[in-house]
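[1] take a look and give me a structure for this.
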Amino acid sequence: MIYYKYKSDSKYTEAIFTSRKVYLSTAEGLNDPFECSLIDIGKEWIIEKIKEMQHAGVSGFLMEAKRSIDNKELFFGLSTTETEKMVEKFKSFKGIEEASRYRTQVMKKLTGHPPANIERLFHGFDTQLLNVGIFSLSANPKHQLMWSHYAGEHSGICLGFKKVKGSRLSNPEHFLPVIYSDKLPEMNKNGFKASMSFSVDENGRPYTSSYKIAFSDSTFQKAISTKPKCWQYEEEWRYVEPYPGEFDWPGHLEEIIFGLKCNEERRNHYIKLIEENIEHPVKLYEIRKIRGTNQLEIISLDKNVSEPMISSKLNIVEDSQSKMTAKIFTAKMERLIAQEKYGEVLFQVDENLKHDPNSAFLIDLKGTAHGLAQQPKEALDCFTKLTEICPEIAISWYQKACALIELNRHEEAVIALKKAYEIDPNEASVSFNLGVELLNIGADLEEALSYLKRADRLGHRRAYGIISEIENTK
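    As a prediction, the model looks like this:
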C-alpha cells in the first residue's frame with residue numbers, strides 16, 4: 001500500500017524533506033488541458049433543479065412562519081399580525097420564481113442578508129473544480145516514461161508514501177483512484193450534495209456566506225479524478241483537498257528510490273536531508289537496468305536505510321517579535337480565505353490597515369474576503385479604493401466590476417470591465433464577463449458576441465456554451 005511521487009532534482013523536492021510538506025496544485029497547473037472538466041449541465045436540468053430548490057426554500061420559510069404564528073412568537077422580529085400579512089401575500093404570486101424572489105427580499109430586509117443563492121451554486125461549480133488542490137501519485141515506481149517525464153530524465157528521485165491509519169491516503173474522500181475515460185463525467189441526474197458555510201455580520205447575526213457543491217459529492221469527485229485513456233499508463237491516484245497550497249505529507253514516508261542518472265553526490269545530499277529532518281528510518285533504493293533487457297528493477301542501496309539524527313518531530317517555533325513579510329502574510333490570509341474563515345481574515349487585515357491604510361495588497365485581501373462572504377457593498381468600497389490607488393492594474397477594475405454585478409449595477413459594471421479590458425485584453429474572464437454584462441444591459445448583440453468569442457479563444461470554459469445558445473436563437 002505504497003504510492004509514489006516522481007520528482008526532479010530541485011530545491012522544491014528538497015523542501016519536501018525540510019518543510020515536511022507537499023504542494024497541491026490546481027487543475028490549471030497539471031499537465032492536461034482537460035483536467036477537472038465536466039460536461040455542460042443541460043439548461044433544462046438546471047431550471048428544474050433550481051425550481052425544486054426554490055420550492056424547498058419557500059416551503060421551509062412558510063412552515064417556520066406558520067409555526068411562529070401558532071406559537072404566538074416573533075418571526076425574525078415580526079409580530080404575529082405582521083407575519084400573517086406576510087404569509088398571506090405569498091398566495092398572490094403566480095409561480096415559484098415570484099415567491100422565491102419575495103422570500104429573498106423579506107429575508108434580506110429582516111436579517112440584513114439574503115438566503116443562500118441557488119443560481120450561484122451552479123454557476124460557481126466550474127470555478128470550484130479549478131480551485132481544488134491535487135497531488136498526483138502513482139502505484140508504479142518503475143515506469144520508464146514516468147521517470148523521464150516527472151523525474152528529470154531519470155536524474156531525480158521517487159518518494160514512496162505508505163497508506164497508514166489516520167492518513168489522507170486512507171481517507172476515500174481525499175485519496176481517489178483516477179478514472180481513465182475519454183468521456184467527461186456528467187452531473188448526477190439524481191442530484192448532488194451541497195455544503196453551506198456561515199459567517200457573522202457586524203451586528204452579530206449569522207448568515208450564509210458560502211453555498212456550493214460539497215467536496216464529497218460523487219459527481220464532484222469524479223470530475224477531479226477523471227483523465228483521458230491516453231494517460232492510463234501512469235496508474236495515477238490523487239490526494240486532493242478543497243483548495244491548493246502546502247499540506248502535511250499524505251502518508252508515512254516509507255522509501256526513497258534514486259533514478260538511474262542521479263549521481264552519488266546528489267544521492268548523498270538527499271540521504272543527509274532525510275536523516276537531518278525525518279525522525280524515522282527510510283528505506284533507500286535505486287533504479288537499475290535489468291541486464292540484457294530494456295526493463296528496470298528496484299534494488300536496495302548498500303546503505304539500505306537512513307539513520308535519523310533526530311529522535312522526535314521537529315518543533316518549529318516562530319519568533320513572535322519578528323516582522324512577517326507581505327508575501328507570508330498574504331499566503332496565510334489566502335489559506336484562511338480558502339478555508340472560508342472570512343471573519344478572521346477581515347480582523348487580521350483591519351489590524352494591519354491601521355498602520356498602512358493605503359496598502360494595495362491589504363485592501364485587495366479585504367475586498368476579496370468581503371466579496372466571498374457575500375458582502376458586495378463592502379467589497380465594492382475596497383475595490384473602488386483599489387482602482388484609485390492602482391488605476392493601471394486590470395484586476396482592480398475587474399474586481400470592482402464583480403462587486404457591481406452582485407449589486408445589480410450592470411451598466412456601471414460594463415464601464416469597469418471595459419477599463420479592465422483596455423488595460424489587459426488577454427484576460428479571458430474580463431472578456432467573458434464583459435460579453436455577458438453587455439447582454440444583460442441589452443447592448444449590441446454583435447459587440448457582446450465579439451467579447452465572448454475572444455474569451456472562448458483565450459480558453460474560458462463557459463464562453464462556448466453561451467455563444468452557441470445565442471447563435472442558435474438568431
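[2] surely Ile274 touches Pro281?
    No: counting by CB atoms under 8 Å, Ile274 does not reach Pro281; the two are 9.3 Å apart. C-beta coordinates here come from the backbone N, C-alpha and C atoms, glycine included.
[3] identify the contacts common to those two.
    By CB atoms under 8 Å, 6 or more residues apart in numbering, Ile274 and Pro281 have these common neighbours: Ser306.
[4] out of the two, which sits in the more crowded spot?
    Ile274 (20 against 14; other CB atoms under 10 Å).
[5] dump the residue contacts of that one.
    Residues near Ile274 by CB under 8 Å, 6+ apart: 17, 256, 282, 306.
[6] cutoff 10 Å now
    17, 253, 256, 280-282, 284, 306-309 (CB atoms under 10 Å, 6 or more residues apart in numbering).
[7] using TSV, lay out these together with distance to Glu264 and secondary structure.
    Listed next are these as TSV, based on distance: CB to CB, whole Å; DSSP: H, G, I helix; E, B strand; the rest coil:
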residue	distance to Glu264	secondary structure
Phe17	18	helix
Leu253	22	strand
Ile256	15	strand
His280	24	coil
Pro281	21	coil
Val282	18	coil
Leu284	13	strand
Ser306	16	coil
Glu307	18	coil
Pro308	21	coil
Met309	20	coil
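[8] so Tyr421: helix, strand or coil?
    Classification of Tyr421 using DSSP: H, G, I helix; E, B strand; the rest coil returns helix.
[9] how near is the closest residue in space to it that isn't next to it in sequence to Gly371?
    Spatially, and ignoring its direct neighbours in sequence, Tyr421 is nearest to Val430 (5.2 Å; CB to CB, 6 or more residues apart in numbering). Noted for Val430: a distance of 16 Å to Gly371, by CB to CB, to the nearest Å.
[10] isn't Tyr3 up against Val164?
    No: contact between Tyr3 and Val164 fails when scored by CB atoms under 10 Å: they sit 11.7 Å apart.
[11] higher neighbour count, those two?
    For Tyr3 and Val164, the more surrounded residue by other CB under 10 Å is Tyr3, and the numbers stand at 25 against 12.
[12] that one: helix or strand, and which one exactly?
    According to DSSP states H and E, Tyr3 maps onto strand 2-7.
[13] can I get that strand as PDB, trimmed to CA atoms?
    Taking Å, rounded to 0.1, in the frame of the first residue of the first chain, the C-alpha atoms of strand 2-7 are listed here in PDB:
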ATOM      1  CA  ILE A   2       2.700   2.400  -1.000                       C
ATOM      2  CA  TYR A   3       2.100   5.200  -3.600                       C
ATOM      3  CA  TYR A   4       4.900   7.100  -5.400                       C
ATOM      4  CA  LYS A   5       5.700  10.700  -6.300                       C
ATOM      5  CA  TYR A   6       8.200  11.100  -9.000                       C
ATOM      6  CA  LYS A   7      10.200  14.300  -8.600                       C
END
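[14] what is the mean pLDDT for it?
    Averaged across strand 2-7, pLDDT comes to 98.
[15] mind giving me the packing neighbours of that strand?
    Under the contact criterion of 3 or more CB pairs under 10 Å, 6 or more residues apart in numbering; DSSP states H and E, strand 2-7 touches helix 11-19, strand 133-138, helix 144-150, strand 157-162, strand 236-241, strand 252-258.
[16] mean neighbour count, distance to Arg461 and mean pLDDT added to those, as JSON lines?
    Formatted as JSON lines, these follow (neighbours: other CB atoms under 10 Å; distance: least, CB to CB, whole Å; pLDDT from 0 to 100):
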{"stretch": "helix 11-19", "mean neighbour count": "15", "distance to Arg461": "28", "mean pLDDT": "95"}
{"stretch": "strand 133-138", "mean neighbour count": "22", "distance to Arg461": "17", "mean pLDDT": "95"}
{"stretch": "helix 144-150", "mean neighbour count": "16", "distance to Arg461": "26", "mean pLDDT": "94"}
{"stretch": "strand 157-162", "mean neighbour count": "22", "distance to Arg461": "32", "mean pLDDT": "98"}
{"stretch": "strand 236-241", "mean neighbour count": "22", "distance to Arg461": "19", "mean pLDDT": "96"}
{"stretch": "strand 252-258", "mean neighbour count": "21", "distance to Arg461": "36", "mean pLDDT": "97"}
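[17] which one of these lies nearest to Lys332?
    Proximity to Lys332 (CB to CB) singles out helix 11-19 among the helices and strands packed on strand 2-7, at 15.0 Å.
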